[in-house]
Each structure stands twice: as C-alpha cells, then as structure tokens.
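K.L.:
Need a 3D model of the sequence below.
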Amino acid sequence: MLLAGQSNNHTWWDPVLADFQEHQLITLDWRGTGDSDKPDEVYTTRGFAQDVTAVLDDLGLRTAHIYGTSMGGRVAQWLAVDAPERVDKLVLGCTSPGAAHGYERSQEIRKALANPAKTDSVLLELMYTPAWLKNHPGPYYVLGDKTMPSYAKGRHLVASNKHDAWDHLPEIQAPTLVLHGTDDVFSPVANAQLLARRIPNARAELIEGARHAYFHEFREIASPAVLAFLAAAEDRP
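P.N.:
Coordinates of the predicted model:
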C-alpha cells in the first residue's frame, strides 16, 4: 500500500507504479482529496491511519507492506503503532516523527510556501534538483490535488503539523526501512536517523543528492532499495 504526501491524492505515485508491478498495489485518495469524501472536520494523521485500515478491511486484506512518504510516512507510523497486526513491512520515506521531537523546515521555506503565486515553483525546487527540472518539464505529480477545497487543504496542513508519534515509535514491531534524500530541506534529512534510532529493527538509507521527491527523481536507486528490503524481509523464517 502506497501512501501519498500532504494534500495529494493517489496520482503522487503514478511515475513509479511500474517499479512495483511484482506486487499487488493499493493507492488511495486521502479524505479531502480525489474521489474521497471531503468533510469539513478535524483531520489527524492518526485518523488517516484508521482510513487506511478501513481500506484494507474493504479489500479483505489482513496485512500489507506499507510505504508512506512525507505525510504518508507520518500516517504509516500510526498505522504500525495502532494496528501492528496489519503491517507486514514498513517503509518510511522523507518523513519525520513530528515537530515536537523532529527537525522541521525553516521559517524561510514556510514563508515562501505561504505565497499562493509562488507555491508551485517553490515546491518544485524543494522536490527536485535543478538539473532534473531542466530536463523534465512535467507533468508533475507532487504539487497537490488542485481539486481540493481550500478548507481541506487547511485541514491537511494542520493534521501534518500536529503529528507527534514520538512516544509510540518504540512500539512499532514491523521491520522498518527509512529512506531520505541527503539534500531534502522540506523534511530535513536529520529526521531519517532520528526515526531509525527510535524505531526497533529499523535502518536508514540515504540517497545522495536527492531532495524531497527522491522516490521519483532517484527512482533507479529508491525503488530497488525498497524491493530488496521487502524481498529480504519476506525470506525470513
């Protein structure tokens, strides 16, 4: 199951779906995005994790490998904490344990993103390297769901900002791989080792030169790393 970032729907993963074709893949639209309901109510990363469990239930699946990036990685933490029996293996990408104990983006970045006229251009610079952007004019799949109501965007932002799973991370039982780009300042790379040290049976792999969308730009490194982790874990008695 592939979990997208904040204010994005399932298309976040479209550029790399082919990399995981050996697996049955599940993507979903967060509440507030895509074809999902868009209630104007409090959203939380823990509540999103309950939504993921509901999707597994609806599909009749007892367990799944969970791969979450950015806010999806925050949701994945809660899923592994609250429903450990549903999580086979866990991959946390470009994410953090939350602001209370993690490393957050700078105020300069926050101010830049707050300007609606520049949000997309700022996001692109945070997601991809200049060299990659120069040779890849789009389309881009990580700039948010443009169909979201404004209130839902706000609800997503609050949910991600209030995430704090720190006290519960040592409860995670699933073997865990933490992936992060070394040049990620959107979710600073220091979060990777923080998570890997806090979660039992976890290890971190850093992708040199990658920014926040490491899974796309550096897919030739990232996707094989995930597949190798899943295959090795599956071979355990």
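K.L.:
Look up how far D40 lies from the most centrally placed residue in the chain.
P.N.:
Nearest residue to the geometric centre of the chain (CA atoms, centre = their mean): T69, 1.5 Å. In this view, T69 and D40 are 26 Å apart by CB to CB, to the nearest Å. No exception for glycine: its C-beta is placed from N, CA and C like everyone else's.
K.L.:
repeat for E104
P.N.:
For E104, the distance to D40 - CB to CB - is 27 Å.
K.L.:
Compare those two (neighbour count), which wins?
P.N.:
Set side by side, E104 and D40 show more neighbours around E104, with 16 against 11, by other CB atoms under 10 Å.
K.L.:
what sits against L126?
P.N.:
109, 184-186, 211-212 (CB atoms under 8 Å, 6 or more residues apart in numbering).
K.L.:
Just the buried ones from those residues?
P.N.:
184-186, 211-212 (16 or more other CB atoms under 10 Å).
K.L.:
Tabulate those (TSV), appending distance to N9.
P.N.:
Shown next, in TSV, are those (distance: CB to CB, whole Å):
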residue	distance to N9
D184	22
V185	25
F186	19
R211	21
H212	17
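K.L.:
For the residues you listed, could you give me JSON lines that also reports distance to L126 and pLDDT?
P.N.:
Listed next are the buried ones among the contacts of L126 as JSON lines, based on distance: CB to CB, whole Å; pLDDT from 0 to 100:
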{"residue": "D184", "distance to L126": "8", "pLDDT": "98"}
{"residue": "V185", "distance to L126": "7", "pLDDT": "97"}
{"residue": "F186", "distance to L126": "4", "pLDDT": "97"}
{"residue": "R211", "distance to L126": "6", "pLDDT": "98"}
{"residue": "H212", "distance to L126": "5", "pLDDT": "98"}
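K.L.:
got these as TSV, with secondary structure columns?
P.N.:
As requested, the buried ones among the contacts of L126 are exported to TSV (DSSP: H, G, I helix; E, B strand; the rest coil):
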residue	secondary structure
D184	coil
V185	coil
F186	coil
R211	coil
H212	coil
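K.L.:
ok, of those, which one's closest to A232?
P.N.:
Nearest to A232 out of the buried ones among the contacts of L126 is D184 (CB to CB; 25.0 Å).
K.L.:
Identify, from the buried ones among the contacts of L126, the entry nearest to A100.
P.N.:
F186 (18.5 Å).
K.L.:
Might one say that D184 is in contact with A210?
P.N.:
Yes - applying CB atoms under 8 Å as the test, D184 and A210 come out as touching, 6.8 Å apart.
K.L.:
about what we covered before: what sits closest to the residue nearest to the centre of the chain if chain neighbours are left out?
P.N.:
Among residues not flanking T69 along the chain, G93 sits closest, at 3.8 Å (CB to CB, 6 or more residues apart in numbering).
K.L.:
Ok, F48 next?
P.N.:
That would be V75: by CB to CB, 6+ apart, it lies 4.4 Å from F48.
K.L.:
Check L28 too.
P.N.:
V55 (5.5 Å).
K.L.:
now the helices for this structure?
P.N.:
Along the chain, the segments classed as helices by DSSP state H run 45-59, 71-82, 107-113, 119-127, 130-135, 150-161, 190-198, 214-217, 219-234.
K.L.:
Quick one: distance of the last one to the chain centre.
P.N.:
For helix 219-234, the distance between its averaged C-alpha position and the chain's averaged C-alpha position is 16 Å (CA atoms, centre = their mean, to the nearest Å).
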